[in-house]
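> The amino acid sequence is not available; the structure is as follows:
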Ligand SMILES: NC(=O)c1ccc[n+]([C@@H]2O[C@H](COP(=O)([O-])OP(=O)(O)OC[C@H]3O[C@@H](n4cnc5c(N)ncnc54)[C@H](OP(=O)(O)O)[C@@H]3O)[C@@H](O)[C@H]2O)c1
């Protein structure tokens, strides 16, 4: 029997859920539970961590999961590593669904850095106005630099995450004209972003390009040895093939 676990939290995961539901595939959509009001899905939903590799392995066995689709964010590396190990332990086929990374265009002033600290390090020492578009986690290291930070978060934080910041609450997808206007209204001089890829979050990158602003782009964590595709349709093809191989 096919029973799919879809690890979500991205636009691609929602598109995948729609395809699975349309095809009538038995599947469970898993959210980490980071946002107060997650996007509704056309599949049964479970919320919260599994309890590490051990918990996920037990879940796969207990729930008789036949296939796992890892459609988590390219920066959700811990979940992806856990899925890889747990699927190997449980003998469950796994596929990663991940959008392509953004690439610089001629004229772009991009600094690509390996991690959060790398981004802090390359920001100027003199006060600047930085659109810090990396979500709500890992903001604290940026307090080491004397900048005003514009933060765009899904939920309103209880307290300002940085000493000198403006918080706006919004959920993507975002569009070019609105991000251009936002960055102009806040007098933004630098953009810091994760190289998430995809269309829904690209507006800030194209807006920075139009404004000729320097962009500090945090590279994706390396996750070697995964079977990876970039579209939900390719996952469906893999599922059909994997089922034939397993005789499901
Ligand atoms: N990191 C980002 O920039 C970013 C951006 C947009 C959306 N997201 C989404 O937000 C969620 C959390 O991201 P993160 O960077 O905090 O992940 P992470 O560091 O890779 O994961 C931390 C822990 O959260 C739990 N977890 C993560 N994704 C889960 C899922 N889909 N279902 C159940 N448990 C999950 C797991 O807990 P256990 O070990 O207890 O199983 C995992 O070990 C992910 O679903 C991701 O797709 C992340």
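Structure received. Owing to the predicted nature of the structure, the values given are computational and were not obtained by experimental measurement. Numbering: from 1, shown residues only.

> Could you list the contact residues of the protein toward the ligand?
7-10, 30-32, 34, 49-52, 55-56, 72-73, 75-79, 82, 135, 194 (Cβ under 6 Å from any ligand atom). C-beta: built from backbone N, CA, C; applies to glycine.

> Drop anything exposed from those.
Buried by 16 or more other Cβ atoms under 10 Å: 7-10, 30-32, 50, 56, 72-73, 75-76, 79, 82, 135, 194, out of these.

> Now tell me what touches the one helix or strand residue 84 maps to from outside.
Using DSSP states H and E, residue 84 maps to helix 77-90. With contact meaning Cβ atoms under 8 Å, 6 or more residues apart in numbering, helix 77-90 is reached by 7, 32, 50, 52-53, 56-57, 60-61, 65, 68, 70, 72, 92-94, 96, 221, 223, 225-226.

> Mind checking which of these are in strands?
Filtering the contacts of helix 77-90 for membership in strands, criterion DSSP state E, returns 7, 68, 70, 94, 96.

> Nearest to residue 153, out of those residues: which one, please.
Of all these, residue 7 has the smallest distance to residue 153: 22.4 Å, by Cβ to Cβ.

> Distance of the closest one relative to residue 71?
6 Å (Cβ to Cβ, to the nearest Å).

> swap in residue 103?
22 Å.

> So which of these two has more stuff around it?
residue 71 (26 against 9; other Cβ atoms under 10 Å).

> Check what contacts the lowest-mean-pLDDT helix or strand in the chain and list those residues.
Lowest by mean pLDDT, DSSP states H and E among the helices and strands of the chain is helix 232-246, with a mean of 89. Outside helix 232-246, the residues that touch it by Cβ under 8 Å, 6+ apart are 2, 4, 12, 15-16, 18-19, 23, 25, 66-67, 69, 93, 95, 97, 227, 229, 248.

> from these, which would you call buried?
For these, a burial check counting by 16+ other Cβ under 10 Å picks out 4, 12, 15-16, 19, 25, 66-67, 69, 93, 95, 97, 229.

> Which of those residues sits closest to residue 143?
Checking the buried ones among the contacts of helix 232-246 against residue 143 by Cβ to Cβ gives residue 12 as the nearest, at 32.5 Å.

> How far does the host helix or strand of that closest one sit from its chain's centre?
Using DSSP H and E, residue 12 sits within helix 11-22. Offset of helix 11-22 from its chain centre (Cα atoms, centre = their mean, to the nearest Å): 16 Å.

> Sketch out the low-pLDDT regions of the protein for me.
For the chain, the stretches with pLDDT under 70 are 246-248.

> Could you pull out the helices in the chain for me?
With helices called from DSSP state H, the chain shows them at 11-22, 52-62, 77-90, 116-122, 176-185, 203-210, 232-246.

> Who are the packing partners of the second one?
With contacts defined as 3 or more Cβ pairs under 8 Å, 6 or more residues apart in numbering; DSSP states H and E, the secondary structure elements packing on helix 52-62 are helix 77-90.

> same thing with the shortest one?
Taking 3+ Cβ pairs under 8 Å, 6+ apart as contact, the helices and strands that helix 116-122 lies on are strand 110-113, strand 215-218.

> contact partners of the last one?
This points to strand 215-218. Contacts for strand 215-218 (Cβ under 8 Å, 6+ apart): 75, 102, 108-116, 118-119, 122-123, 134, 190-195, 205, 208-209.

> could you flag which of those residues are buried?
For these, buried by 16+ other Cβ under 10 Å: 75, 102, 108, 110-111, 113, 116, 119, 123, 134, 190-195, 205, 208-209.
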